[in-house]
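Colleague: dropping a prediction and its sequence here:
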Amino acid sequence: MNEILPDKNNFFKDGYCVLRNFLTKDEVEKYSLLAKNFREKNKHMRTSGLHNYKEFWDIIVNDRLLNALKNLLGPDILYLYNSHIEENNETATECGWHRDNTTRIFGKGPDWDPKEDYNVIRVGFYLSSFDTCKSGINIIPESHKKNYTFSQLLRLIFYKTKNIENSFVQNIRKKLEKYIGISIRTNLGDCVMFLANVYHAPLPASGLRKSLFTTYGTNNKHAKNYNNYYLKHRNYPINNDVHQEFKNLLKEKNIYISPPEKKEHIEHMT
């Protein structure tokens, strides 16, 4: 399969990129089945810590993925320990625009330090198509560089109205998404990469939608804070027990960073 590489300048300008048909048909079928079987056994709506399940290791260390990330971050990339399956459907609660980083209020905390560029990247692999379930993500370009006070207000509006089925309210939500953010319609095998401090939200689903998410960075304070936040502060139990065999695999791929041993204070953490 031909290598698909993102454009570095556009990625850091806009805060995201879309890599179409990144996964092969066989890979989509494989991970779709794994996700289905995993869900049936675990009955969780969202499961964190894919690295604790050997059947998902190969997508975390996928060579095409690592090469694409190296094209953005340089040769010394690291796997960060926030990865999960997501499944949404027409009855699922939708969240509004949000950030996935550690200190989410623009300009406050170490994630916004002008002396050290923020480079934690979230990676989404889409295992369903827009035609069948409205698969996709809405992103506000450049929101990693601007104080979107208006968007924060919109997020509150979205949160307050997310369970209201009134058609007028839902139409208002859709119009706001259309004009404020960029709606990315994803299909089988598409990959979306975005900086963790970019505002984003899932498109409202109209059927069962499946995706896998992983996270990467470089050896700096952002990566260390991110790991500490998701492994210690968020305290997902399934995240914390990182298998030694998986650590060895990360070391073989030169993308290993030690999980934090204790909870550290992160100023302005949200």
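Modeller: Noted; the coordinates are in hand.
Colleague: okay, CA-based contacts and neighbour counts for the rest of this
Modeller: Noted.
Colleague: show me what contacts Asn10?
Modeller: 16-17 (CA atoms under 8 Å, 6 or more residues apart in numbering).
Colleague: from Tyr229, how far off is it?
Modeller: Using CA to CA, to the nearest Å, one gets 28 Å for the distance from Asn10 to Tyr229.
Colleague: now His144
Modeller: Counting by CA to CA, the gap from His144 to Tyr229 is 19 Å.
Colleague: for stretch 54-65, measure first residue to last.
Modeller: 18 Å.
Colleague: hmm, who's touching it?
Modeller: 3-4, 31, 34, 50-51, 79, 214, 246, 250, 253.
Colleague: and the residues you listed, which is closest to Asp190?
Modeller: Closest approach between the contacts of stretch 54-65 and Asp190, by CA to CA: Ile4, at 11.1 Å.
Colleague: and what about the closest one, helix, strand or coil?
Modeller: coil (DSSP: H, G, I helix; E, B strand; the rest coil).
Colleague: mind checking what helix or strand follows the least confident helix or strand in the chain by mean pLDDT in sequence?
Modeller: Lowest on mean pLDDT, DSSP states H and E among the helices and strands of the chain sits helix 237-240, with a mean of 53. Later in the chain than helix 237-240, the nearest helix or strand by DSSP states H and E is helix 244-252.
Colleague: residues making contact with that following helix?
Modeller: 51-52, 54, 57, 61, 79, 256.
Colleague: got a list of what Asn228 touches?
Modeller: 259-260, 262-264.
Colleague: got a winner among these for most neighbours?
Modeller: Pro259 (18 neighbours; other CA atoms under 10 Å).
Colleague: how far away is the residue nearest to Ile180 when sequence neighbours are not counted from Glu252?
Modeller: Excluding its sequence neighbours, the residue lying closest to Ile180 (CA to CA, 6 or more residues apart in numbering) is Ile140, at 6.8 Å. If you measure Ile140 against Glu252 using CA to CA, the figure is 36 Å.
Colleague: more neighbours: which of the two?
Modeller: Comparing Ile140 with Glu252 by other CA under 10 Å, the one with more neighbours is Ile140, at 23 against 11.
Colleague: which pLDDT value belongs to the more buried one?
Modeller: The score at Ile140 is 90. That number is its pLDDT.
Colleague: assess the claim that it and Phe194 are in contact.
Modeller: No. Checked against CA atoms under 8 Å, the pair Ile140 and Phe194 is beyond contact range at 10.6 Å.
Colleague: in contact with His222, which residues?
Modeller: Here His222 is in contact with 110-111, 118-120 (CA under 8 Å, 6+ apart).
Colleague: switch the cut-off to 7 Å
Modeller: Counting by CA atoms under 7 Å, 6 or more residues apart in numbering, His222 touches 111, 118, 120.
Colleague: Ile139 too?
Modeller: Taking CA under 7 Å, 6+ apart as the test, what Ile139 contacts is 181-183, 199-201.
Colleague: where along the stretch 151-270 of the chain do the strands fall?
Modeller: 182-185, 191-195, 200-202, 209-218 (DSSP state E, counting those that start in this stretch).
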